[in-house]
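In: pasting the sequence and the predicted model now:
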Amino acid sequence: MTIRKSLFISCLLLLTLTIAVCLADDTAGKLSEAIGLYEKGSYKQAVELLRQEVKVSPRDAEIRFWLGKAYLKVQEWKAAVTEMEKAVELEPSNAKYHQWLGRASGERASRAFITSAYSMAKQVVREFEAARRLAPNDLSIRFDLLEYYLQAPGMVGGGKDKAEAEARTIAGIDKQKGYTARANVYKNDKQWDKAKAELLHATEEFPESAAACEDIADYLFWRHDYEGTLHWSRKALELNPRLNYSRFLAAAAATRLRHDLEAAAGELQALTKGPLFDDDSTFDLVYYHLGENYLARGDKAKAKDAFQSALSYNPENSAAKEALKKL
């Protein structure tokens, strides 16, 4: 081989590598942009961007995964399952992909006819359990399984005995979250006092845990104890000011109590700008409670806009529908 030819081949290889690196950087940049859109609540734009990227990189599992998540947000259940299945096919050892395939299948199953819901429900538990095998210490996965076992009948893999076993395992991994897991079991049995006691014990044993404070605040809000919600969500924020969900709970509880409504509105308005992450409140709930806040201050026009915004994020938000009917 001549020196000239050797140099030509070297230059060609370098050019090829440069192009490959540029394409990879561009894909990473577009994915980052799409995730930013998702976290800001611009779900339709995220879907469009990710659909274009799938055409460019059809075997990129992470792009498929985020497209599936975006499809869930725009309530395209079948498309979400398809993309999550593709992500799992491309990277079968990724626990996160199995978990979200289970979640997507659950959303689809809850809206399916009984004849097809059975097989979909079986897929939910199959994927959650696959995720658990791959990441046995992931509490998010274990809580998904706990809720499935509590809610699903035995014929599709549910059962209280399985839920209680899952709660014990969670406690072994993280003692504070073990209280939350047991509280969830009691909630399912409508043993409200026992559920509350578990969550309060967590705050006593772990007084510096913002998560323990947030968990009891969340429970109390669901039980319509807004004074308690306000107390514990503020305590959580003292320990960790970055907790978006505690900010939401505090503002929503203050609105229900008619406490410092303008400050609560400011918090809710800030949350509507995002970013909101998967463990935070959803955008439709933030807008719904912002609508409640406007109503409490006598501004029906802004309340109507807020309720309509809630429905633009989630057309199934029944509280927003009812609020608009009353207006």
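Out: That came through fine.
In: now residue 41: closest residue in space that isn't a chain neighbour?
Out: Using Cβ to Cβ, 6 or more residues apart in numbering and skipping residues adjacent in sequence, the residue nearest residue 41 is residue 283, 4.5 Å away. Every C-beta, even on glycine, is put in place using the N, C-alpha and C of the backbone.
In: the one you found reaches residue 268, doesn't it?
Out: No - in this structure, residue 283 is not within contact of residue 268 by Cβ atoms under 8 Å, at 10.9 Å.
In: give me the more crowded residue out of these two.
Out: The neighbour count for residue 283 versus residue 268, taken as other Cβ atoms under 10 Å, is higher for residue 268 (27 against 21).
In: residue contacts, that one?
Out: By Cβ atoms under 8 Å, 6 or more residues apart in numbering, the residues touching residue 268 are 248, 251-252, 255, 286, 289-290, 293.
In: likewise for residue 155?
Out: Contact partners of residue 155, counting by Cβ under 8 Å, 6+ apart, are residue 118.
In: out of the contacts of residue 268, the closest to residue 65 would be?
Out: Comparing these against residue 65 with Cβ to Cβ places residue 286 closest, at 24.8 Å.
In: that closest one against residue 249, yeah?
Out: No - applying Cβ under 8 Å, one finds residue 286 not in contact with residue 249, separated by 11.1 Å.
In: comparing those two, which residue is more hemmed in?
Out: Legend: neighbour count by other Cβ under 10 Å for residue 286 and residue 249, higher for residue 286 (30 against 26).
In: tell me who's in contact with the more buried one.
Out: Counting by Cβ under 8 Å, 6+ apart, residue 286 makes contact with 248, 268, 271-272, 276.
In: tell me the most packed of those, by neighbour count.
Out: residue 268 (27 neighbours).
In: now it: which helix or strand?
Out: helix 261-272 (DSSP states H and E).
In: mind checking the SS state of the spatially most central residue of the chain?
Out: Geometric centre of the chain, nearest residue: residue 278, 3.0 Å, by Cα atoms, centre = their mean. The three-state assignment at residue 278 reads coil, by DSSP: H, G, I helix; E, B strand; the rest coil.
In: follow-up on the earlier one: the contacts of residue 286: which two are farthest apart?
Out: 268 and 276 (11.8 Å).
In: so residue 103 touches residue 72, yeah?
Out: Yes - using Cβ under 8 Å, residue 103 makes contact with residue 72 at a distance of 7.5 Å.
In: and the pLDDT at residue 180?
Out: Looking at residue 180, its pLDDT is 98.
In: find the nearest non-adjacent residue to it, please.
Out: Sequence neighbours aside, residue 215 is the residue nearest to residue 180 in space, at 4.9 Å (criterion: Cβ to Cβ, 6+ apart).
In: secondary structure, distance to residue 307 and pLDDT added to the contacts of residue 268, as JSON lines?
Out: Listed next are the contacts of residue 268 as JSON lines, based on DSSP: H, G, I helix; E, B strand; the rest coil; distance: Cβ to Cβ, whole Å; pLDDT from 0 to 100:
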{"residue": "248", "secondary structure": "helix", "distance to residue 307": "17", "pLDDT": "98"}
{"residue": "251", "secondary structure": "helix", "distance to residue 307": "16", "pLDDT": "98"}
{"residue": "252", "secondary structure": "helix", "distance to residue 307": "15", "pLDDT": "98"}
{"residue": "255", "secondary structure": "helix", "distance to residue 307": "14", "pLDDT": "98"}
{"residue": "286", "secondary structure": "helix", "distance to residue 307": "12", "pLDDT": "98"}
{"residue": "289", "secondary structure": "helix", "distance to residue 307": "10", "pLDDT": "98"}
{"residue": "290", "secondary structure": "helix", "distance to residue 307": "9", "pLDDT": "98"}
{"residue": "293", "secondary structure": "helix", "distance to residue 307": "11", "pLDDT": "98"}
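In: what is the nearest of those residues to residue 225?
Out: Residue 225 has its nearest neighbour among these in residue 252, at 12.6 Å by Cβ to Cβ.
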